[in-house]
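# Quick one: sequence and predicted model below, then my questions.
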There are 2 protein chains.
Amino acid sequence: MYVVNVAEELIMRRTKEDAQKTYDAILDAAVAHFSQRGVANTSLEDIAESANVTRGAIYWHFKNKGEIFDSIHERFYQPLAALLLEDIETSHNDPLQQLHDICVKLLLDFTLDLKKRQAAALFMFGCHYSGDLEKYWDKHHKKKEDSLKIFSRYFEKAKKDGRLPASASPEILTLSIRCYMKGIISEYLNDVENFNLEKNAEPLIAQFFSNIK
Amino acid sequence: MYVVNVAEELIMRRTKEDAQKTYDAILDAAVAHFSQRGVANTSLEDIAESANVTRGAIYWHFKNKGEIFDSIHERFYQPLAALLLEDIETSHNDPLQQLHDICVKLLLDFTLDLKKRQAAALFMFGCHYSGDLEKYWDKHHKKKEDSLKIFSRYFEKAKKDGRLPASASPEILTLSIRCYMKGIISEYLNDVENFNLEKNAEPLIAQFFSNIK
DNA sequence: GACAACATACATTCGTGTATGTATAATTAA
DNA sequence: TTAATTATACATACACGAATGTATGTTGTC
């Protein structure tokens, strides 16, 4: 049982800041439960208990479980998309090295940040976009596609700079790195204890670039 | 709604072969529902309806939902593991080419076989090994690891034959192809309509091998 | 005193597991 | 060979708990 109580006390709280605290506590508790048991196997009572509130508090802040789920997505994807955008905007003389570095960085981030691990596990394995969650698929999928499109810009830059072998296709490379990253993160999250990502992140990514650099 | 009725008629049937038919119909209906909505969001009534039986029939053949889930796993992994074992046992003069071919074959198989797609989607995204399903994790995980260990044998062969560049490590390559395959299948199953696997399977795998062959 | 931020209580639905009923097939007895 | 018996392969009915959503109560804040 890795679920921890996020809120510290069970006192009555009515100020704006305190309301924000319970809001955050609910989201934190939700990510923890969702990632461990899946959205469908998590009851609002589970979340409430971990956040040291009652379901009443949850229904005050959120309409239902689906909106909690969606709120988590926003909180998780906003920084990720921003990070990627920021990286591609900063000029760098070797786009392939730059992509190499950001990929390693993204992977190592997971080893350092439990919250990110939980959120990623949630959206990769912990949810199914059917039933109540179906309506969020388009929105979430679109955000994911937008972020992933950024990958292609590194290869286009490299191509333009003549840094790609003639045999290499930017389209395939984009699809390839996308799948590769997805697979690494998947396999890591599926077995965090036995997959030594700290050690393997750089060699794995280096392996990918070894033929085009 | 892609769920189809698998059994044809609703008459009373009591022969051994007919019992086997309903058993199969239940499993088929279960895979379809599990892969589309997830195990947790699927009720036994859903399955029964698609299989043209009642929950009574399900409880006759299976103890509960978990055992249906486990039965599906057996039916799916047995042929897969057998295929991989058979391939590695057959002698081939170029192990890297052999691995390339089997990877492409595995991927293209998904484009041809709905059942395999459903089963893979089920075990990748449709289930969470917690609660009732937790007890199957060890067993399923072990079978997966056993199959994946086979990948390393191709690279060890290649290394022994001096077919690997000195810089390449068999361990990293094994981990790498494993993640890569997982990622390709993941991304494909996540968006079957837009991911053209028939077209991209071979280029993607070729891209992986381009630097070590 | 009004409203925000909850807690508590209640009604209802849904899924599960089990108990029981029943028609047919398989087996045995004659 | 056939009639009686038993076991199989389900369908039906019921009892129960769990989760949801809502209605209402309560407390502190501004």
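Great, that's in hand. This is a predicted model, so every value here is computed, not measured.
# check contacts around residue A:182.
Residues touching residue A:182, when contacts are defined by C-beta atoms under 8 Å, 6 or more residues apart in numbering or on different chains, comprise B:182-183, B:186-187. C-beta here means a position set from N, CA and C on the backbone, and glycine is covered the same way.
# From what I see, residue A:179 and residue B:189 are in contact.
No: between residue A:179 and residue B:189 there is no contact under C-beta atoms under 8 Å: 11.6 Å.
# returning to what we had before: which member of the contacts of residue A:182 is positioned nearest residue A:17?
Taking C-beta to C-beta as the measure, residue B:186 is the one of the contacts of residue A:182 closest to residue A:17, at 40.9 Å.
# What residues sit buried inside the helix or strand that contains the closest one?
Using DSSP states H and E, the element containing residue B:186 is helix B:170-190. Across helix B:170-190, burial judged by 16 or more other C-beta atoms under 10 Å in any protein chain shown covers B:170, B:173-190.
# And stretch A:123-143, by the same measure?
Those buried within stretch A:123-143 under the rule 16+ other C-beta under 10 Å are A:123-130, A:133, A:136, A:140, A:143.
# Can you tell me which of those lies closest to DNA strand D?
Distances from those to DNA strand D were compared by C-beta to the nearest atom of the strand; the smallest belongs to residue A:133, at 11.8 Å.
# right, and that closest one touches residue A:64 too?
No: using C-beta under 8 Å as the test, residue A:133 is too far from residue A:64 to be in contact (10.6 Å).
# and chain A, what are its domains?
Taking automatic domain parsing as the reference, chain A has its domains at A:1-62, A:64-209.
# These: which one's closest to DNA strand C?
Of all these, it is domain A:1-62 that lies closest to DNA strand C, at 2.2 Å by C-beta to the nearest atom of the strand.
# anything in the closest one sitting right up against DNA strand C?
Yes: judged by C-beta under 7 Å from any atom of the strand, domain A:1-62 comes into contact with DNA strand C through A:10, A:12-14, A:16, A:18-19, A:22-23, A:48, A:53-57, A:59-61.
# and those residues, which of them are in helices?
Applying DSSP state H to the residues of domain A:1-62 next to DNA strand C, the entries found in helices are A:16, A:18-19, A:22-23, A:48, A:55-57, A:59-61.
# returning to what we had before: tell me the average confidence for the following helix or strand past the helix holding residue B:186?
Counting by DSSP H and E, the next helix or strand C-terminal to helix B:170-190 is helix B:197-209. If you average the pLDDT over helix B:197-209, you get 97.
# picking that back up, where among the domains of chain A is the average confidence lowest?
When the domains of chain A are compared by mean pLDDT, domain A:1-62 comes last with a mean of 84.
# related to what we said a few turns ago, including distance to residue A:119 and neighbour count, could the ones in helices among the residues of domain A:1-62 next to DNA strand C go into JSON lines?
Putting those into JSON lines (distance: C-beta to C-beta, whole Å; neighbours: other C-beta atoms under 10 Å in any protein chain shown) gives the following:
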{"residue": "A:16", "distance to residue A:119": "26", "neighbour count": "7"}
{"residue": "A:18", "distance to residue A:119": "25", "neighbour count": "13"}
{"residue": "A:19", "distance to residue A:119": "23", "neighbour count": "14"}
{"residue": "A:22", "distance to residue A:119": "20", "neighbour count": "19"}
{"residue": "A:23", "distance to residue A:119": "17", "neighbour count": "17"}
{"residue": "A:48", "distance to residue A:119": "20", "neighbour count": "20"}
{"residue": "A:55", "distance to residue A:119": "23", "neighbour count": "13"}
{"residue": "A:56", "distance to residue A:119": "26", "neighbour count": "8"}
{"residue": "A:57", "distance to residue A:119": "22", "neighbour count": "20"}
{"residue": "A:59", "distance to residue A:119": "23", "neighbour count": "12"}
{"residue": "A:60", "distance to residue A:119": "23", "neighbour count": "13"}
{"residue": "A:61", "distance to residue A:119": "19", "neighbour count": "17"}
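# need the residues of chain A near DNA strand C, please.
Residues of chain A lying near DNA strand C by C-beta under 7 Å from any atom of the strand: A:10, A:12-14, A:16, A:18-19, A:22-23, A:48, A:53-57, A:59-61.
# Try it again at 10 Å.
Residues of chain A lying close to DNA strand C (C-beta under 10 Å from any atom of the strand) are A:7, A:10-23, A:25-26, A:45, A:48, A:51-61, A:131.
# Of the residues you listed, which ones also sit close to DNA strand D?
Within the residues of chain A next to DNA strand C, those near DNA strand D by C-beta under 10 Å from any atom of the strand are A:11-18, A:45, A:48, A:54-56, A:58-60.
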